[in-house]
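S.K.: One predicted model, sequence on top.
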Number of protein chains: 2
Amino acid sequence: MDLKELGEFGLIERIKEAVGGAPEGVLGIGDDCAVLPQAGGMETLVTTDMLVEGSHFLRDDIPARLLGWKSAAVNFSDIAAMGGRPVGSFLSLGLPRGLDTEWMDGFTAGYRECSDYCGAPLLGGDTTTSQAGICINVTVLGECASGRSRKRSDAVPGDLVCVTGPLGDSGGGLQVILKGVERDAAAGALVARHYRPVPRVREGMALAATPGVHSMMDISDGIASDLRHILKASGTGAEIRTADIPLSAELRQVCARQGWDALDLALTGGEDYELLFTMAPGTEPTVTYYVIGRITEGRDLVWVGSDRDYLGFRHF
Amino acid sequence: MDLKELGEFGLIERIKEAVGGAPEGVLGIGDDCAVLPQAGGMETLVTTDMLVEGSHFLRDDIPARLLGWKSAAVNFSDIAAMGGRPVGSFLSLGLPRGLDTEWMDGFTAGYRECSDYCGAPLLGGDTTTSQAGICINVTVLGECASGRSRKRSDAVPGDLVCVTGPLGDSGGGLQVILKGVERDAAAGALVARHYRPVPRVREGMALAATPGVHSMMDISDGIASDLRHILKASGTGAEIRTADIPLSAELRQVCARQGWDALDLALTGGEDYELLFTMAPGTEPTVTYYVIGRITEGRDLVWVGSDRDYLGFRHF
């Protein structure tokens, strides 16, 4: 059978079954990070992501510096998603012959900018030649006090569903790039949000320090896909009020001009790397957030105010 | 400038300069693993390695099961090289379309065999499509008591230089594969050593528990290259008695028949994944080992019993 028939999540399930479960006290495959206990009242968070030329980026399309930033950012975002403090990162690079030092210096400069922003240095890695395209793998370690990390599985019926910022800008930026839309101020802002996502590390730590915050993850594939992970892991449903999805002025402006569906981009575009979390009503976290719906008893995901269904980005 | 002109170690130096050093108390780029302090008297070891189709392996050449084993093994070997106990691994896979589930199941079976052998489960990862070849990245976490991990930098003049097993079998096995040599029992044994290296995890932990053992690393590029890392990091030289390099009966037999230089394969072939360590004379570690020379005051690496110099495998 072709792997494509399995789909990404089918493949992950198959690997998970083949390798066996995590030992007692360890959170393994299935959340934004693995969580491993330490001896002294802390836990280690670990996440890893691979970016492959041709699948995730086109070399001539994204400046090396922004690719360096993004490679780090998507991993720091996973640490943020569980409320961890980033500790350090590990970078593996498969590099085609003929790549020059200018590209490399740009990449490392951007990688460092993001690492400095997130307060965690590069501590190791691997470099090798690649016969094919550029292949980048980043692993980030984080830590938090034992029991403090926020998982996908702890949403409770009655919880408010919240996000830390406007959605769809990154997806809009990708459309601007792919369709060659003229980059005025608004379109340029969307492209910047696509190329240079900001990991919500400070927000994640603040949310993990807030007792009423129950479940959390980051938005990488689009909320229409990502929220389903929280619902599945928690055994709940949700009602999302589409009118309450935060949309930036820039996204509204570009969508109005191009005739694009801003709500569709916000729900399915992906790569916004805002945090998606649920909390008990009355909780007052010290971060900017938008309430977009609530967790329900059932298993259904209902889009209030829209007569269609939405699916997120699919990798396979 | 083309990256090729920098070479692997020039590239690593350039990245290291660009990203800045590790914080106080953390061992960053430059050893087999990074070492991070934990709160409760333990330290975390981290290593990562990337294997790219066409550079590290040919898909039609290595059975998926053995590739799965090897991908895990080379990383567990880095944990062994510092004397750590493996805790868990993280696997990223970039997979071309058209790859089938049979390949995938073979790969994960082999990966699991090695993980079980090393006592550390798969705890997370990433799967993605690759437009080019298969790209595999593995990260392994280990741990040991604070201050117990063995580094490359602690060799002392007068130390005995030792290895945990025969060298050159893996390099000989690669030649058997590349040159299509008939696989009788001896040649087959070398191929098996190439495809299925055994991480010396138990030996590494035992050596790290032995006070007289000073510096340690694993042999991945060939001792002619790897030993230089210990010498450079420790600011010492070494005299190696080429007659004392342990060679297996299988390697001697195949080399005699094919007219290959067994010593050259042993010193430069690489991928043996035996441990290379130095220890004070009189130390009696509880593992099998072979004394092959001693650490000297100078900076030179002298091959006693040979009139030529040896260099290890170069990645770029």
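M.R.: Ah, there it is. All values reported here derive from a predicted model rather than from experimental measurement.
S.K.: Using PDB, write out every CA atom in whatever helix or strand A:Thr108 lives in.
M.R.: In this structure, A:Thr108 is located in helix A:101-118 according to DSSP states H and E. As requested, the backbone C-alpha atoms of helix A:101-118 are provided in PDB (Å, rounded to 0.1, in the frame of the first residue of the first chain):
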ATOM      1  CA  THR A 101      28.500  30.500   2.300                       C
ATOM      2  CA  GLU A 102      26.300  33.600   1.700                       C
ATOM      3  CA  TRP A 103      23.200  31.400   1.900                       C
ATOM      4  CA  MET A 104      24.600  29.600   4.900                       C
ATOM      5  CA  ASP A 105      25.400  32.900   6.700                       C
ATOM      6  CA  GLY A 106      22.000  34.200   6.100                       C
ATOM      7  CA  PHE A 107      20.400  31.000   7.300                       C
ATOM      8  CA  THR A 108      22.400  31.000  10.600                       C
ATOM      9  CA  ALA A 109      21.800  34.700  11.200                       C
ATOM     10  CA  GLY A 110      18.000  34.200  11.000                       C
ATOM     11  CA  TYR A 111      18.200  31.100  13.100                       C
ATOM     12  CA  ARG A 112      20.100  33.000  15.700                       C
ATOM     13  CA  GLU A 113      17.700  35.900  15.700                       C
ATOM     14  CA  CYS A 114      14.800  33.600  16.500                       C
ATOM     15  CA  SER A 115      16.900  31.700  19.100                       C
ATOM     16  CA  ASP A 116      17.900  34.900  20.800                       C
ATOM     17  CA  TYR A 117      14.300  36.100  20.700                       C
ATOM     18  CA  CYS A 118      13.200  32.800  22.400                       C
END
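S.K.: ok, residues contacting it?
M.R.: The contact list for helix A:101-118 (CB atoms under 8 Å, 6 or more residues apart in numbering or on different chains) reads A:63-73, A:76, A:79, A:86, A:89, A:91, A:95, A:121-122, A:198-199, A:201, B:1-3, B:6, B:11, B:14-15, B:18-20. All C-beta atoms are positioned from the backbone trio N, CA, C, and that covers glycine.
S.K.: if you average pLDDT over it, what comes out?
M.R.: Averaging pLDDT along helix A:101-118 yields 95.
S.K.: Sort out for me which of the contacts of helix A:101-118 are in helices.
M.R.: A:64-73, A:76, A:79, A:201, B:3, B:6, B:11, B:14-15, B:18-19 (DSSP state H).
S.K.: The helix holding A:Thr108: which residues count as buried?
M.R.: Neighbour-count burial for helix A:101-118, counted by 16 or more other CB atoms under 10 Å in any protein chain shown, picks out A:103-108, A:110-115, A:117-118.
S.K.: Next, the contact list for whatever residue of the stretch 151-300 of chain A ends up closest to chain B, please.
M.R.: Per CB to the nearest CB, the residue of the stretch 151-300 of chain A with the smallest distance to chain B is A:Ser220, at 10.9 Å. Residues in contact with A:Ser220 (CB under 8 Å, 6+ apart) are A:74, A:77, A:226, A:270-271, A:273.
S.K.: I'd guess it is in a strand, am I close?
M.R.: No: checked against DSSP: H, G, I helix; E, B strand; the rest coil, A:Ser220 lies outside a strand; its state is coil.
S.K.: Give me the pLDDT for it.
M.R.: In this model, A:Ser220 is scored at 93, pLDDT.
S.K.: ok, back up a step: nearest to chain B, of the buried residues of helix A:101-118?
M.R.: Nearest to chain B among the buried residues of helix A:101-118: A:Thr108, at 3.9 Å, using CB to the nearest CB.
S.K.: ok, now how distant is the closest one from A:Leu95?
M.R.: Distance from A:Thr108 to A:Leu95, counting by CB to CB, to the nearest Å: 12 Å.
S.K.: A:Thr210 - nearest residue in space that isn't next to it in sequence?
M.R.: Distance criterion CB to CB, 6 or more residues apart in numbering or on different chains; nearest residue to A:Thr210, sequence neighbours excluded, is A:Pro285 at 4.6 Å.
S.K.: Over to A:Gly147?
M.R.: Using CB to CB, 6+ apart and skipping the chain neighbours, the partner closest in space to A:Gly147 is A:Glu43 (7.8 Å).
S.K.: The one you found sits in which helix or strand?
M.R.: A:Glu43 is located in strand A:42-52, with elements delineated by DSSP H and E.
S.K.: Just checking: what are the partner strands of that strand?
M.R.: Strand A:42-52 has the following strand partners under DSSP bridges: strand A:34-37 (antiparallel), strand A:135-145 (antiparallel).
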